[in-house]
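Colleague: Show me the folded form of this:
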Amino acid sequence: MPSPVTDPSVIEGYLTDASNVQGHADGLVRPRTTEEVSAILRHCQAKNIPVTVSAGRTSTTAAAVPQGGWVLSMERLNQIHHIGHDTAEADGGVFLGAFQTDVENTGRFFPPDPTSRHECSLGAAIACNASGARSFRYGPIRPWVLALTVVLPNGEIIHVKRGDAVPASWPSVDWVEPNVKTAAGYAPTRDAVDLFIGQEGTLGVITRATVRLTDLPADVMGVLAYFPSRAALLGFVDVARRSAPSPVRSLGRLHATRRSGHRRAGHRGTRAAVSLPGASRSRSHQAAGDTGRPHPGDLQASVGRWHRRSDVHTA
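Modeller: From the prediction side, this is the model:
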């Protein structure tokens, strides 16, 4: 087990996160292997020492802020072990953005994109079931995780893969997730991988992950569309999610911001920025005026269907 750092000037760098809440700790440990994480947790449980797991410290909820005890930093578990055609495997402390760049350099794609992906770690993103703008197309990180190595609070190391059942001796999670976008609570599942996704370090420390890869989009087109109301925008979203075949079916990003008391090109209401993976940049992406009946597969007409006086601009 690595000896804890007790120098206050070193520990100080680990006492806050993006929440700006300030904490305090007695020691700092920076393991390099799963086995070292195991030894640390086993020791801390035996000595009744609180442990706070720390990675990129991008949380705005003070989740990584210690309130005494030891900080267990994941920064040295930072190796990428394998990138193949269908899967990749890496340590939990690898920066998510750097991992994605290495994957994309092979022509493959790991889609989850929380806004902090260049500062957060892969393991922490899994522990929070992180998602970002591409969730509309690809979902959160959960469906992309195939296997995990996890160290339990008592120091036990377990390896779980998709389809492995939660041990029968563990309490079951008995609740129904609301039908809204949420990452709160333990997943009500008997799949062991899913149980550790979104548990935010409360059930164990994720030290290694195997994830699924997909095709790297050949191109991404950005579009800015204006709608007369939020209801019109949501109507378009509903049709876009169900439409096939259509370029809109490949929506990668959909952001909506409320426009209040502001005019652009004579319009009020709601605007959406849309990215379309695989969309060609060669065609014209500007439309204005009465579009009439939408032409199948035509983005401008699809937008115009929900806003007969639409402006669509490349972004």
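
Colleague: where does the stretch 201-315 of the chain have low pLDDT?
Modeller: 241-315 (pLDDT under 70).

Colleague: Please tell me how far Ala125 sits from His85.
Modeller: 22 Å (CB to CB, to the nearest Å). For the C-beta atoms, the positions are set from N, CA and C on the backbone; glycine is no exception.

Colleague: Which of these two has more residues huddled nearby?
Modeller: Ala125 (30 against 9; other CB atoms under 10 Å).

Colleague: where does the residue lying closest to Thr34 once chain neighbours are set aside fall, helix, sheet strand or coil?
Modeller: Nearest residue to Thr34, sequence neighbours excluded (CB to CB, 6 or more residues apart in numbering): Thr207, at 4.3 Å. Classification of Thr207 by DSSP: H, G, I helix; E, B strand; the rest coil places it in strand.

Colleague: my read: Thr207 touches Val151, true?
Modeller: Yes. Using CB atoms under 8 Å, Thr207 is in contact with Val151, at 5.9 Å.

Colleague: Who has more neighbours out of those two?
Modeller: Val151 (26 against 23).

Colleague: how close does the more buried one get to Ile83?
Modeller: Per CB to CB, Val151 is found 24 Å from Ile83.

Colleague: swap in Phe196?
Modeller: 22 Å.

Colleague: Please identify which of these two sits among more neighbours.
Modeller: In this view Phe196 and Ile83 are compared by other CB under 10 Å, and Phe196 has more residues nearby, 25 against 18.

Colleague: contacting residues for that one?
Modeller: Ile126, Ala127, Leu148, Val150, Val160, Leu203, Gly204, Ile206 (CB atoms under 8 Å, 6 or more residues apart in numbering).

Colleague: where does the fourth one fall, helix, sheet strand or coil?
Modeller: Using three-state DSSP, the structure places Val150 in strand.

Colleague: now do the fifth one
Modeller: Classification of Val160 using three-state DSSP returns strand.

Colleague: tell me the contacts of it?
Modeller: Val160 touches Ala147, Leu148, Val150, Ala192, Val193, Phe196, counting by CB under 8 Å, 6+ apart.

Colleague: Now it: closest residue in space that isn't a chain neighbour?
Modeller: In space, and not counting its chain neighbours, Val160 is closest to Ala192: 4.0 Å by CB to CB, 6+ apart.

Colleague: Would you map the strands across the stretch 101-250 of the chain?
Modeller: 108-109, 145-151, 157-161, 205-212, 214-215, 220-227 (DSSP state E, counting those that start in this stretch).

Colleague: Out of these, the one nearest Arg42 is which?
Modeller: Relative to Arg42, the nearest member of the strands of the stretch 101-250 of the chain by CB to CB is strand 145-151, separated by 9.1 Å.

Colleague: CA atoms of that closest one as PDB?
Modeller: Provided in PDB are the C-alpha atoms of strand 145-151 (Å, rounded to 0.1, in the frame of the first residue of the first chain):
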ATOM      1  CA  VAL A 145     -20.200   0.000 -20.800                       C
ATOM      2  CA  LEU A 146     -19.500  -3.800 -21.200                       C
ATOM      3  CA  ALA A 147     -17.400  -4.700 -18.200                       C
ATOM      4  CA  LEU A 148     -15.900  -3.200 -15.100                       C
ATOM      5  CA  THR A 149     -13.300  -3.900 -12.500                       C
ATOM      6  CA  VAL A 150     -14.500  -2.600  -9.100                       C
ATOM      7  CA  VAL A 151     -12.900  -2.500  -5.700                       C
END
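
Colleague: which outside residues touch it?
Modeller: 34, 37-38, 41, 87, 126, 157-162, 193, 196-197, 203-212.

Colleague: Averaged pLDDT, that strand. What do you get?
Modeller: Averaged over strand 145-151, pLDDT sits at 98.

Colleague: Sheet-wise, list the partners of that strand with their directions.
Modeller: According to DSSP bridges, strand 145-151 forms sheet pairs with strand 157-161 (antiparallel), strand 205-212 (antiparallel).

Colleague: hey, which of these is tucked in deepest?
Modeller: Mean neighbours per residue, mean count of other CB atoms under 10 Å, is largest over the strands paired with strand 145-151 for strand 205-212, with a mean of 23.

Colleague: circling back to that earlier point, mind giving me TSV with the strands paired with strand 145-151 and columns for distance to Ala240?
Modeller: TSV is the format used below for the strands paired with strand 145-151 (distance: least, CB to CB, whole Å):
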stretch	distance to Ala240
strand 157-161	34
strand 205-212	24
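
Colleague: Identify whichever of these lies nearest to Pro143.
Modeller: strand 205-212 (7.7 Å).

Colleague: Could you check how far Tyr186 is from Val166?
Modeller: Separation of Tyr186 from Val166 (CB to CB): 10 Å.

Colleague: Which of the strands paired with strand 145-151 sits closest to Leu234?
Modeller: Per CB to CB, nearest to Leu234 of those: strand 205-212, 30.0 Å.

Colleague: ok now the closest one, how far from the chain's centre?
Modeller: 14 Å (CA atoms, centre = their mean, to the nearest Å).
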